[in-house]
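> sharing a model prediction with you, sequence too.
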2 protein chains.
Amino acid sequence: AGSDGADDIANRTANIAAHLKKLYRKSVLPVEKKYRYDYFYDSPLLTDVEFDSKPQVLLVGQYSVGKTSFIRYLLGRDFPGQRVGPEPTTDRFTVLINGPEERTIPGNALSVHPDLPFRGLERFGVSFLSRFEGSQLPSSVLRSVTLIDTPGILSGEKQRTNRGYDFTKVVAWFAERADLIILLFDAHKLDISDELKGAIDVLKGHEDKIRCILNKADQIDRQQLMRVYGALLWSLGKTMTSPEVCRVYVGSFWQEPLQNLDNAELFEREEKDLMKDLAILPRQSAVRKINELVKRIRKVKTLAHIIGYLKGQMPSLMGKEKKQQKLINDLPNVFRTILKQYNLAPGDFPDINMFSEKLKEVKFAEFSTLSKKSMEELDHALNVEIPKLMEQLPSERDSPETLRAKMGSGNPNSSNVPVPTMN
Amino acid sequence: AGSDGADDIANRTANIAAHLKKLYRKSVLPVEKKYRYDYFYDSPLLTDVEFDSKPQVLLVGQYSVGKTSFIRYLLGRDFPGQRVGPEPTTDRFTVLINGPEERTIPGNALSVHPDLPFRGLERFGVSFLSRFEGSQLPSSVLRSVTLIDTPGILSGEKQRTNRGYDFTKVVAWFAERADLIILLFDAHKLDISDELKGAIDVLKGHEDKIRCILNKADQIDRQQLMRVYGALLWSLGKTMTSPEVCRVYVGSFWQEPLQNLDNAELFEREEKDLMKDLAILPRQSAVRKINELVKRIRKVKTLAHIIGYLKGQMPSLMGKEKKQQKLINDLPNVFRTILKQYNLAPGDFPDINMFSEKLKEVKFAEFSTLSKKSMEELDHALNVEIPKLMEQLPSERDSPETLRAKMGSGNPNSSNVPVPTMN
Ligand SMILES: Nc1ncnc2c1ncn2[C@@H]1O[C@H](COP(=O)(O)OP(=O)(O)OP(=O)(O)O)[C@@H](O)[C@H]1O
Ligand SMILES: Nc1ncnc2c1ncn2[C@@H]1O[C@H](COP(=O)(O)OP(=O)(O)OP(=O)(O)O)[C@@H](O)[C@H]1O
Ligand SMILES: [Mg+2]
Ligand SMILES: [Mg+2]
């Protein structure tokens, strides 16, 4: 109960993230280190940024389809470094993040910042980093999500030759990490299928995260709109491998009033649905973080049992190597024994082949024994602390409407498509 | 100039067909027989029905999508044997043809009628013929086109087991011969992608002739319509191999007024476009008949020159077989000589390998000599008579509006979707 607006959602999810982080540091990380989770699972220990990072929304589309204007519209205000215009205007990847003061942040700084999820972008070289920028501003929308603006996709050849960095790979890097990819099209232009091919090529493998916007739909009449929309879905059906129909939101997503009011009601409903799609992201992302930590804790627990068991089997004086070899050969039985003894789930065990390879490289005698106290702490996290956190999740039902209310309300110029207010 | 209504179109195209038929019988058929065109081209001599047959429009779709209602709507009246209803109702293939009195014609009679293009359907057996029927009525629409109603496509298993004849092959037979295939969908029902797969499987290879109708579109609201329409085009894009977007007409194609007036204007424009698509069929079909006859005459002429030349090369007394063998071996040079000598087009020559096989089976000595008079008659047909016929083609510009005017006008119940009048 109580007011559940965008700020509340942001507070709740931030709170959950903070708790998960604390839980991980206090109860999980020490166990991971003790039983060498990172080594056995080839998986680095988690850092703060994995918990703190916000759901990311990536905007992709040919130049001039209105990506930057859409972001401006979502934010309800201009943002530092914003450039809008009919020519290819945005020449850099721009990450929009929440912060008390308005400023731009150079790509170099962004890509090494420990609290931001952009480490690893250095690999794309200095000419990319000079085209990578942060735009910081205080915004309730950005408290919940991170938006990423991109330069317009150019047609075939230009794409490859003009940039000085591998545009496709950079987009793929962001797409991999995004929670939602919004692919924009201009209803007013006709070369949709060409545009599309380029975009879909870039986003291969991330089809489930793609939503489309058929923008500027108020510039054409209804029959033309049906044709363009149909042509878009026809091409999407041909190029996308997923069986489910890709959702395409039709409308005009900027702050100006509609040029043609024919479809005003439709556009309003489409915009509402899109806002819902955005509004559930923080909750989705919090749920995902919880689920991932739960999965991880169960695996850590199982690993500790395996390692502790193997350690316990070691003779105290002689024949350690021989015994170790015997245990490795007998690994299936070892797993079975532990599974029964501690009432674990088969799915939480590591892959047996990979694991036995790993075991060959280490000395069982140096393993840690099973710590009962650590196991109790992990169980407490699983059975008490995390269920309590889940109660703090923002309600699934209230959030869309209220984030929408925050994002766009009562603009006197246009009673049809709500326009974000300054806040 | 002058009134160019549906009756006029029907008169003009019927007149062209009659002239072509006369021309063929008088000037072409005798030459074909003389130089054995049917033998050398494995192509039967033409009969009247090839000239007289009207463009065929095949209606296909799952049961209850409104195929029969659509035909009733086009005709502006009920037709003999018509059955409309919410269950699978049409249980037979029904051919709608123009005739002075209203009656149904049994499939047996239809399939052997020399003036109708349904010979060959006997191959599908008696249980098909008992599900094949003609519906004759006086109708200006049917003077221009032949409509073919079909039983609804059933889902997978039922399709195969319940009919007693091979439904898919029968539809394929009609599709092969149709000038236009209208594939109907019910916007009100949701299993579009399943429906579609069945239908498209049946129509494989005829994609270029397919137009779709998303029927009963007035039963849902605009946003739902966008979703259904999008899902249809998505699936069409996935299942159809053609690169061009398949045209989907959205509306409610029956005599009742629209249930929901939201899209009235769109539906009216869609209906107009569909009527245009139908209205150009008679002209298209007349143009195709002319083109095919022109092509045929050119080939007949070329064949006559080849045969006449070979005949001319025969020695009058001895060594005929040897000479014949030599000419066959030298066929490329023979073709080249004739090509130059008579100023013919390379494209009008027969395939040289196939032709030389055919030559091996016959005696050149029995060939006819070249008849100058026949050649002059063919040239006269090509250069004088056919160009004159082409002037009689219905105008491309006037016809759609006027056929539309004939097909649907002024219904007091619905100012939106014009309804056919009784005539
Ligand atoms: N919904 C809209 N309706 C009509 N015009 C729009 C709309 N959104 C943006 N525009 C106009 O389209 C042009 C391109 O807009 P914008 O710069 O936002 O596109 P972009 O996709 O960010 O382009 P680029 O890839 O070059 O950065 C601008 O002139 C803008 O005013
Ligand atoms: N445009 C329309 N809007 C709403 N209802 C319609 C429309 N056209 C037809 N119907 C209704 O849908 C039902 C099925 O119509 P109809 O018999 O014409 O379909 P059909 O495709 O010929 O079916 P079948 O394959 O069984 O022969 C009937 O009840 C009819 O009244
Ligand atoms: Mg931009
Ligand atoms: Mg029917």
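Thanks, I have the structure now. Ligands and ions are numbered 1, 2, ... in the order given.
> ok, A:Leu382 - how many residues close by?
16 (other Cβ atoms under 10 Å in any protein chain shown). Every residue, glycine included, has its C-beta placed from N, CA and C.
> three-state assignment of A:Leu74?
Assigned by DSSP: H, G, I helix; E, B strand; the rest coil, the conformation of A:Leu74 is helix.
> how about it, nearest residue that isn't a chain neighbour?
Excluding the flanking residues, the one nearest A:Leu74 by Cβ to Cβ, 6 or more residues apart in numbering or on different chains is A:Val141, at 5.8 Å.
> the one you found and A:Arg77 touch, don't they?
No. Counting by Cβ atoms under 8 Å, A:Val141 does not reach A:Arg77; the two are 9.9 Å apart.
> in chain A, which spans are strands?
In order along the chain, chain A carries the following strands (DSSP state E): A:56-61, A:93-98, A:103-106, A:132-137, A:146-149, A:180-186, A:210-215, A:248-250.
> quick one: mean pLDDT for stretch A:37-55?
Per-residue pLDDT over stretch A:37-55 has a mean of 92.
> would you put the C-alpha positions of it in PDB?
Taking Å, rounded to 0.1, in the frame of the first residue of the first chain, the C-alpha atoms of stretch A:37-55 are listed here in PDB:
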ATOM      1  CA  TYR A  37      34.400 -20.500  -6.500                       C
ATOM      2  CA  ASP A  38      36.000 -18.300  -9.000                       C
ATOM      3  CA  TYR A  39      38.500 -21.000 -10.000                       C
ATOM      4  CA  PHE A  40      36.100 -23.900 -10.100                       C
ATOM      5  CA  TYR A  41      33.400 -22.000 -12.000                       C
ATOM      6  CA  ASP A  42      35.600 -19.800 -14.100                       C
ATOM      7  CA  SER A  43      33.500 -17.000 -12.800                       C
ATOM      8  CA  PRO A  44      34.900 -13.800 -11.200                       C
ATOM      9  CA  LEU A  45      33.900 -12.800  -7.800                       C
ATOM     10  CA  LEU A  46      31.100 -10.200  -7.900                       C
ATOM     11  CA  THR A  47      31.800  -6.500  -7.500                       C
ATOM     12  CA  ASP A  48      29.600  -3.700  -6.300                       C
ATOM     13  CA  VAL A  49      28.700  -2.700  -9.800                       C
ATOM     14  CA  GLU A  50      26.900  -6.000 -10.500                       C
ATOM     15  CA  PHE A  51      24.500  -5.100  -7.700                       C
ATOM     16  CA  ASP A  52      24.200  -1.300  -8.200                       C
ATOM     17  CA  SER A  53      23.900  -1.100 -11.900                       C
ATOM     18  CA  LYS A  54      20.500   0.000 -13.200                       C
ATOM     19  CA  PRO A  55      18.500  -1.600 -16.000                       C
END
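> next, the buried residues of that stretch.
Across stretch A:37-55, burial judged by 16 or more other Cβ atoms under 10 Å in any protein chain shown covers A:37, A:40-41, A:46, A:50-55.
> and stretch A:98-106, by the same measure?
Of all the residues in stretch A:98-106, those buried under the rule 16+ other Cβ under 10 Å are A:98, A:104-105.
> residues in contact with that stretch?
Identification of contacts with stretch A:98-106 by Cβ atoms under 8 Å, 6 or more residues apart in numbering or on different chains yields A:79-81, A:129, A:133-139, A:142-143.
> at 6 Å instead, please
Here stretch A:98-106 makes contact (Cβ atoms under 6 Å, 6 or more residues apart in numbering or on different chains) with A:80-81, A:133-139, A:142-143.
> from ligand 3, how far off is the closest residue to A:Tyr73 other than its chain neighbours?
Using Cβ to Cβ, 6+ apart and skipping the chain neighbours, the partner closest in space to A:Tyr73 is A:Trp254 (5.0 Å). Applying Cβ to the ion, to the nearest Å, the value for A:Trp254 to ligand 3 is 12 Å.
> including distance to ligand 2, could the strands of chain A go into JSON lines?
Formatted as JSON lines, those follow (distance: least, Cβ to the nearest ligand atom, whole Å):
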{"stretch": "strand A:56-61", "distance to ligand 2": "37"}
{"stretch": "strand A:93-98", "distance to ligand 2": "48"}
{"stretch": "strand A:103-106", "distance to ligand 2": "57"}
{"stretch": "strand A:132-137", "distance to ligand 2": "52"}
{"stretch": "strand A:146-149", "distance to ligand 2": "44"}
{"stretch": "strand A:180-186", "distance to ligand 2": "31"}
{"stretch": "strand A:210-215", "distance to ligand 2": "27"}
{"stretch": "strand A:248-250", "distance to ligand 2": "24"}
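> on the pLDDT front, check A:Lys373 for me.
96.
> tally up the residues packed near it, please.
7.
> for A:Leu196, what are its contacts?
Neighbours of A:Leu196 in contact, by Cβ under 6 Å, 6+ apart: A:Ser235.
> look up how far ligand 3 lies from it.
Noted for A:Leu196: a distance of 18 Å to ligand 3, by Cβ to the ion.
> more neighbours: A:Val141 and A:Arg77, which one.
Between A:Val141 and A:Arg77, counted using other Cβ under 10 Å, the more crowded position is A:Val141 (25 against 18).
> what's the distance between the residue nearest to A:Leu74 and A:Lys54?
Per Cβ to Cβ, to the nearest Å, A:Val141 is found 11 Å from A:Lys54.
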